[in-house]
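[1] give me coordinates for this.
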Amino acid sequence: MKIAVFGGAFNPIHYGHLQLSHEFAKRLKLDKVMLIPSSTPPHKLYADMAPGKDRLEMCRLSVEGDPLFLVSDIEIERAGASFTADTLDKLTELYPNARWYLITGADMFLTLGTWHRFDDIARMAILCTAPRDDIESAKLREYAAVLEKRGAKCMIEDIPKTDISSTKIRRLIAAGKDIDGFVPTAVKDYIYENSLYKNVIDSTENADAQFIEIIRGRLTPYRFRHSIAVAEQAKHLALLYGADPKKAYTAGIFHDIMKDEPKAALLQMLSDFGIILNNAQMASPCCWHAIAGAEFVRNILKIGDDDIINAVRYHTTARAGMSPLEKTIFIADFTSLDRDYPDIDEMRRRAEFGSEVAMEYALSYTIRELLNKSAVILPDAIDAYNEIIALKQKESDNYAATKPPQK
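    Below is the predicted model of the structure:
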C-alpha cells in the first residue's frame, strides 16, 4: 500500500492542500494521503494559531467522504516538538506493509538535509515536493541530487500552484471578508461557528503593545517580567549609548522570546530554518534560544531590521563589531531591575559610565563564570572581549605617545 504523509499546521486547511494531495496521488499512484496536523510548533505565532483540536477537526471535515484521505492525530496527541522521524517510526509500526512518501512544501524540502535523523527519514520514506516556478524547480532538483547522494529517493513533480494560502485566509477572516472558494463549506462553517482567526497580529499599528502580548503568550510569568524589565532598561541605556530608544525597547521585548521552548523544539526550529549549529554551539544549549529568537523575529514576525535581529541574536554571547543597539541589549540583559547576582551593583554602576566599560566588565564576568564551570566559551564572546581589550590598549598607547614628557 502506497501512503503519503502530508503534515503541516493546516491553519486552516484549504483547497490548495487538497488539490496538491490529489495531484500527487494521481502522479505517484498513491492509495492514500494521510493528513497530519502538527502540534503547535515553536516557529508559529500562538496568537495566530488555532488550537490543535480545531485544526484536526477542520482536516476531518475537509475530506469527509473522500476515500483518498486518512487524518491522523499522532502529532497533536504527542504534543511538544513534532519530529518527522518519530512520526514515521510510529506509522511504520502501525502500517508495517505500507510504502511511505513524504510530501513537503518547496521551502521545507530545501532544509530536509538538516532535519533531525534525516538518514532515518530518507530510509523510511520517498521525499516529494512541487516547485512554484522554473527557477525553484532547478533549485529543488539540484538539492534533490545532493540528498540522493546521502541515500534518499526524491520526486519533484511539476504541479500547478494555486494562489490560496492559510495566511491569506486568516487575513480575510480578520477583515470580515468572505472565504468562499478557498476552503470547503464545512470548514468555513466550522471557522465561523467557533470564531477562529478573528484577530490577526498587525505589526504596523501599536507594535510594541502587540509584541508584548505575543511574548506574554510564549513565556512563563517570570521570563515575561524579565523581558519587560530588559526593555525598560534598554530604553534608558540607549540614550547613553547613542542607540535608538524605540528600537532598543522593541529588541528588549524580543530578546528572550524563545527562552522557554524545550531544547528539542529549538533544535527542530533551527533545522526547519536551515540553521546548522557548529560544534561549540551544539555544546552550548544556553545560546540556542538567542539564535532561534533571531530567526523567529526575522521569519515569523517579519521584522526586517537587521539591527534588532542581531541584538536578539547576540544578547547572550556578544560578538566583535557590535552596534550601539546590540551593546545596549547585551548590557540591559545584565543590569535590568529584576537581576540579582553578586556583582550586580558594580555592573549597574559601570553601565552608567558607558558601553565599553560595561561590556568589558560583563564579558570578564561571563568568561570567568564559564571557566569556573569548565564550560565551552563561544568564539563570539572571546572575539568581543579581545576587541575591547585591544581597543583599550590602543587608546592607552595613543595617550602615552601624546603625553608631554615629564621634567
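
[2] alpha carbons of stretch 179-190, as CSV, please.
    Written as CSV, here are the backbone C-alpha positions of stretch 179-190 (Å, rounded to 0.1, in the frame of the first residue of the first chain):
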residue,chain,number,x,y,z
ILE,A,179,-13.6,33.0,2.1
ASP,A,180,-15.9,31.1,-0.3
GLY,A,181,-13.8,29.2,-2.8
PHE,A,182,-10.8,29.0,-0.5
VAL,A,183,-12.0,26.2,1.9
PRO,A,184,-14.7,23.6,1.8
THR,A,185,-18.1,24.8,3.1
ALA,A,186,-17.9,22.5,6.1
VAL,A,187,-14.5,24.1,7.1
LYS,A,188,-15.9,27.6,6.5
ASP,A,189,-18.9,26.9,8.8
TYR,A,190,-16.6,25.4,11.5
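
[3] flag every buried residue along that stretch.
    Applying a neighbour-count criterion of 16 or more other C-beta atoms under 10 Å, one finds 179, 182-184, 186-188, 190 buried in stretch 179-190. Quick note: C-beta positions are derived from backbone N, CA and C, even for glycine.

[4] can I see the domain layout of this structure?
    In terms of domains, the chain is parsed into 2-193, 207-398 (source: automatic domain parsing).

[5] got the ones you listed as JSON lines, with mean pLDDT columns?
    Formatted as JSON lines, these follow (pLDDT from 0 to 100):
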{"stretch": "domain 2-193", "mean pLDDT": "92"}
{"stretch": "domain 207-398", "mean pLDDT": "92"}
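
[6] now Tyr101: which helix or strand?
    Using DSSP states H and E, the element containing Tyr101 is strand 99-103.

[7] now do that strand: which elements does it pack against?
    On a contact count with 3 or more C-beta pairs under 8 Å, 6 or more residues apart in numbering; DSSP states H and E, strand 99-103 meets strand 2-8, helix 15-28, helix 84-94, strand 125-129.

[8] just name the most buried of the ones you listed.
    strand 125-129 (a mean of 22; mean count of other C-beta atoms under 10 Å).

[9] mind listing residues that contact it?
    For strand 125-129, the external contacting residues (C-beta atoms under 8 Å, 6 or more residues apart in numbering) are 4-5, 24, 28, 88, 99-106, 108-109, 112, 121, 140, 144, 147, 152-157.

[10] in ChimeraX, select just the buried ones from those.
    Of those, the buried ones go into a single ChimeraX selection, burial set by 16+ other C-beta under 10 Å:
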select :4,5,24,28,88,100,101,102,103,104,106,108,109,112,121,140,144,147,152,154,155,156,157
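
[11] Leu28 contacts Ile156, doesn't it?
    No: assessed by C-beta atoms under 8 Å, Leu28 is found out of contact with Ile156, at 11.7 Å.

[12] now do the contacts for the residue lying closest to Lys259 once chain neighbours are set aside.
    In space, Lys259 comes closest to His289 once its chain neighbours are excluded; the distance is 4.7 Å by C-beta to C-beta, 6 or more residues apart in numbering. By C-beta under 8 Å, 6+ apart, the contact set of His289 is 256, 258-259, 261, 266, 316.

[13] where helices are concerned, which of those residues count?
    Mapping the contacts of His289 onto helices (DSSP state H) picks out Leu266.

[14] of the contacts of His289, which is the most crowded?
    For the contacts of His289, neighbours were counted using other C-beta atoms under 10 Å, and Met258 has the most, 27 neighbours in all.

[15] what's near enough to touch that residue?
    Per C-beta under 8 Å, 6+ apart, neighbours of Met258: 42, 218, 266, 269, 288-290, 292-293, 296.

[16] which PyMOL command selects the buried ones in the residues you listed?
    Command for PyMOL that selects the buried part of the contacts of Met258, burial taken from 16+ other C-beta under 10 Å:
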select buried, resi 42+218+266+269+288+289+290+292+293+296
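
[17] dump the contacts of Met258 to JSON lines, plus secondary structure and distance to Gly242.
    Shown next, in JSON lines, are the contacts of Met258 (DSSP: H, G, I helix; E, B strand; the rest coil; distance: C-beta to C-beta, whole Å):
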{"residue": "Pro42", "secondary structure": "coil", "distance to Gly242": "34"}
{"residue": "Arg218", "secondary structure": "helix", "distance to Gly242": "31"}
{"residue": "Leu266", "secondary structure": "helix", "distance to Gly242": "33"}
{"residue": "Met269", "secondary structure": "helix", "distance to Gly242": "33"}
{"residue": "Trp288", "secondary structure": "helix", "distance to Gly242": "30"}
{"residue": "His289", "secondary structure": "helix", "distance to Gly242": "28"}
{"residue": "Ala290", "secondary structure": "helix", "distance to Gly242": "23"}
{"residue": "Ala292", "secondary structure": "helix", "distance to Gly242": "29"}
{"residue": "Gly293", "secondary structure": "helix", "distance to Gly242": "24"}
{"residue": "Phe296", "secondary structure": "helix", "distance to Gly242": "27"}
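
[18] distance to Met58 for the contacts of Met258 - can I get that in TSV?
    Output for the contacts of Met258, formatted as TSV (distance: C-beta to C-beta, whole Å):
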residue	distance to Met58
Pro42	22
Arg218	24
Leu266	28
Met269	24
Trp288	33
His289	32
Ala290	35
Ala292	28
Gly293	30
Phe296	25
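
[19] from the contacts of Met258, pick the one nearest Glu77.
    Closest to Glu77 out of those is Pro42 (18.2 Å), distances taken as C-beta to C-beta.
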